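J.: sharing a model that was predicted from the sequence below.
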Amino acid sequence: MLGMRGVPPSDPQGLSPEVAALIAGLQQQVQDQARQLDERDHVIAQRDQALAERALELAQRDAQLLRKDREIALREAKIEKINFELARLKRWTYGAKSEAMNADQRRLFEETLAEDEAALRAHLERLRREAEAAAAAAGAKPKAPPRKPRRNALPDHLRRVDHRHEPDSTDCQEPDCGRPMTRIGEDVTERLDIVPAEFFVHRHIYGKWACRHCQVLKQAPSVPEIVEGGIAASGLLAHTAISRFVDHLPYYRQETINARSGVHTPRSTLAAGSGQVGAALEPLYDLHKHFVLDCPVLHADETPVALLDPGAGKTRKAYMWAYARSWHDAVPGVIYEFCRGRGAQYPVAFLNGDEKLGTRRWTGTLLTDRYGAYDTVVDPQHYPGRISAACAAHARRNFEELTKAGTSPIGLDALRRFARIYEVEGELKGLSSEERSAQRRRLAKPLWEELHQWLSLERRLVPDGGATAKAIDYTLGHWAALTRHLEDGAVAIDNNHLERQIKPWAMGR
């Protein structure tokens, strides 16, 4: 800053008045310029301070806008999730879908529709015959009857009961003839019939033979039965167990069904007999378990069932665990285990083998959904010989839900990509494991890599917290397990094979 500093002092006494005045003017001018510069510096400082405050305000506003953007994105994700849940709830409530109603339950309504359709067709057929009769009476030419649908032939192993139908007279009825007619062929129609279950009694007669000389009695040993001293033979016990555990008929309904044939079978007797049948089948169960666990690739799944708790006066939730040999295995096999819970200790104990039975700990690839209990089963620290594989159908269903809800366009594109993958998998069904593995690497692996790249790009554009983000995160988070089948041709692409096996339990509950 310019000022009076550095200016030599002037002595006006030694100068002329004009010079002194000039010097005084210059000094005053310098002082004015210094004051102006000070004022300008002050203004500049104030302006810099204002600019700094403005920059701070802008930074705060940018931070606030960024925070607002995040809040809006989160709110939009929540709205998307709520809309997704509402759409799914409406679909469950008002729509026909597999999630709220399985195939067997929907079949009940389809059967009712079939009954109504058959009744209407019969009514129309009767009206058609009446119309043809009226037309024939009026001399009009009747219309050709509609072509009947082609039906499958009845099985050859069924017993045939022949009913012969011949005219009352086989003589020609034309005027001036009356000669015997010649049989030139026949028309055969078959109708399926049934004889209701027939109860009968086995009478075991054991002859007694005695030697009067030696006073010795001889008799054939009694035939072994599952229920010693009971009235139920093995056939009735097998029928009861199949009706209960395969056809899911409770014992009280079986009691009513049997009563229609005049046979009294209390439900307590039926239940006790089934319990003894189960005990008798335990050796076969152990052998079958050994056979199923002999496969290096297993499917695993579980479904809830109701368990009566008489002490509490209510039912509690138990689980039926299922294990099946690989879908691609030449010899199928599935086994079930009833457990009181859904914890990891149940599949761990089942797959650890039994030294008493001579079964070793199972090792191989376990194909499951992503339920957390299976992580313990395939923990590499405790079970190094086990590998986890995930179900691709579960990943696909997440995107299918998006498509049904209509909340995200990503779902439809993902379904198209999964469809191409499944199309390739369908073409490889009849190949060996080695051939299937090679073809998967050649045909399916590029499709999976393209899917992974596309999902990774889409995930960057999708806000967190929504159903779309959840579907993408599920697939990307389990990518190694989902693509395990690309490394081993014996591993199936999904767990649908076992889900079909376990579905009757869901119907029975």
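T.: In hand now; what should we look at?

J.: every contact and neighbour count from this point should use C-alpha atoms.
T.: OK.

J.: next up, the contacts around Pro463.
T.: Going by C-alpha atoms under 8 Å, 6 or more residues apart in numbering, Pro463 touches 73-74, 77, 469.

J.: just the buried members of those residues?
T.: If you count burial by 16 or more other C-alpha atoms under 10 Å, the buried members of the contacts of Pro463 come out as 73-74, 77, 469.

J.: those in helices, which ones?
T.: 73-74, 77, 469 (DSSP state H).

J.: quick check, nearest of the residues you listed to Ala271?
T.: Ala469 (50.3 Å; C-alpha to C-alpha).

J.: Ile292: how many residues sit nearby?
T.: Quick fix: residue 292 reads Val, not Ile. 21 (other C-alpha atoms under 10 Å).

J.: what ranges of the protein fall below the confidence cut-off?
T.: Low-confidence segments of the chain, defined by pLDDT under 70: 1-15, 75, 78-121, 123, 135-150, 356-358, 407.

J.: how about His299, secondary structure?
T.: strand (DSSP: H, G, I helix; E, B strand; the rest coil).

J.: can you count the residues close to Phe245?
T.: 14.

J.: er, Asp168 I mean
T.: Neighbour tally, Asp168, other C-alpha under 10 Å: 6.

J.: any idea how far it lies from Lys68?
T.: Taking C-alpha to C-alpha, to the nearest Å as the measure, Asp168 falls 96 Å from Lys68.

J.: hang on, the earlier thing: in JSON lines: the ones in helices among the buried ones among the contacts of Pro463, plus distance to Lys445.
T.: Shown next, in JSON lines, are these (distance: C-alpha to C-alpha, whole Å):
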{"residue": "Ala73", "distance to Lys445": "34"}
{"residue": "Leu74", "distance to Lys445": "35"}
{"residue": "Ala77", "distance to Lys445": "32"}
{"residue": "Ala469", "distance to Lys445": "24"}
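
J.: quick one: which of these is nearest to Arg340?
T.: Ala469 (34.8 Å).

J.: excluding chain neighbours, give the residue nearest to the closest one in space.
T.: Spatial nearest neighbour of Ala469, chain neighbours left out: Val462 (6.2 Å); criterion: C-alpha to C-alpha, 6 or more residues apart in numbering.

J.: so that neighbour sits against Lys470, correct?
T.: No: the criterion here is C-alpha atoms under 8 Å, and Val462 misses it with Lys470 at 9.9 Å.

J.: can you map out the strands along the protein?
T.: For the chain, strands defined by DSSP state E occupy the ranges 208-211, 216-219, 297-309, 314-325, 334-339, 364-368, 386-390.

J.: take those strands and lay them out in JSON lines including mean neighbour count and distance to Glu435.
T.: Output for the strands of the chain, formatted as JSON lines (neighbours: other C-alpha atoms under 10 Å; distance: least, C-alpha to C-alpha, whole Å):
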{"stretch": "strand 208-211", "mean neighbour count": "10", "distance to Glu435": "68"}
{"stretch": "strand 216-219", "mean neighbour count": "10", "distance to Glu435": "64"}
{"stretch": "strand 297-309", "mean neighbour count": "19", "distance to Glu435": "17"}
{"stretch": "strand 314-325", "mean neighbour count": "19", "distance to Glu435": "20"}
{"stretch": "strand 334-339", "mean neighbour count": "17", "distance to Glu435": "25"}
{"stretch": "strand 364-368", "mean neighbour count": "24", "distance to Glu435": "19"}
{"stretch": "strand 386-390", "mean neighbour count": "22", "distance to Glu435": "20"}
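
J.: sounds good, over and out.
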